[in-house]
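Chemist: All I have is the shape, not the residue letters:
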């Protein structure tokens with residue numbers, strides 16, 4: 001009887017582990033972006049520090065990861081890419097606060113943002129707009145490398161990420177200027 005109870009408990013525990021999905025967490029991003037994650041330029045005076053991100057429970061078959069930060073509310077007709085990172089090795093499950101262009105995982109590539117340069121570019125919506133949504137997404141990819149340079153355009157990288165995504169997980173934060 002004791003063996004049967006232990007077996008049943010083990011089955012329940014393993015089922016709950018496998019049932020848990022791919023998740024994204026941040027010690028820096030909580031509902032509203034802080035001045036640390038706001039751009040320094042375009043009329044904004046933030047610190048432009050990339051946030052800490054960590055992810056768990058990547059699906060089986062994941063060969064690499066990618067991270068994006070995107071503002072779908074930017075008044076461009078096509079949104080605004082704030083950060084695109086790809087070729088993050090499969091054994092990495094976090095980025096430290098301020099990692100952009102400083103302590104990125106070996107082999108990863110930060111590509112062109114809508115600001116016209118690679119690396120993290122913080123929030124900076126136009127004055128008077130309603131608060132914008134900033135969507136931080138981690139992609140679990142079915143390929144080890146996207147063979148594109150840092151100068152690759154955000155639309156091309158976005159296409160390749162979606163084409164090779166096994167799963168993705170996101171956090172949304174808001175920021176507005178008066």
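Modeler: Cool, got the structure. Since this is a predicted model, take the numbers as computed values, not measurements. Numbers count the residues shown, from 1 in each chain.

Chemist: ok, then the element right after the helix or strand bottoming out on mean pLDDT in the chain?
Modeler: Evaluated with mean pLDDT, DSSP states H and E, the helix-and-strand set of the chain has its lowest mean pLDDT in helix 2-19, which scores a mean of 36. Downstream of helix 2-19, the next assigned helix or strand under DSSP states H and E is strand 23-25.

Chemist: Each with direction, which strands does that next one pair with?
Modeler: Using DSSP bridges, strand 23-25 pairs in its sheet with strand 53-56 (antiparallel).

Chemist: For the helix or strand following the strand it pairs with, which helices and strands make contact with it?
Modeler: Per DSSP H and E, strand 53-56 leads on to strand 64-71 as the next helix or strand towards the C-terminus. Applying 3 or more C-beta pairs under 8 Å, 6 or more residues apart in numbering; DSSP states H and E, one finds that strand 64-71 makes contact with strand 80-89, strand 132-141, helix 154-164. All C-beta atoms are positioned from the backbone trio N, CA, C, and that covers glycine.

Chemist: List the buried residues for strand 64-71?
Modeler: 64, 65, 66, 67, 68, 69, 70, 71 (16 or more other C-beta atoms under 10 Å).

Chemist: now that strand against helix 154-164, angle please.
Modeler: 130 degrees (axes from the mean of the first three to the mean of the last three C-alpha atoms, to 10 degrees).

Chemist: now strand 64-71 against strand 132-141, angle please.
Modeler: Going by the same axes, to 10 degrees, strand 64-71 makes 170 degrees with strand 132-141.
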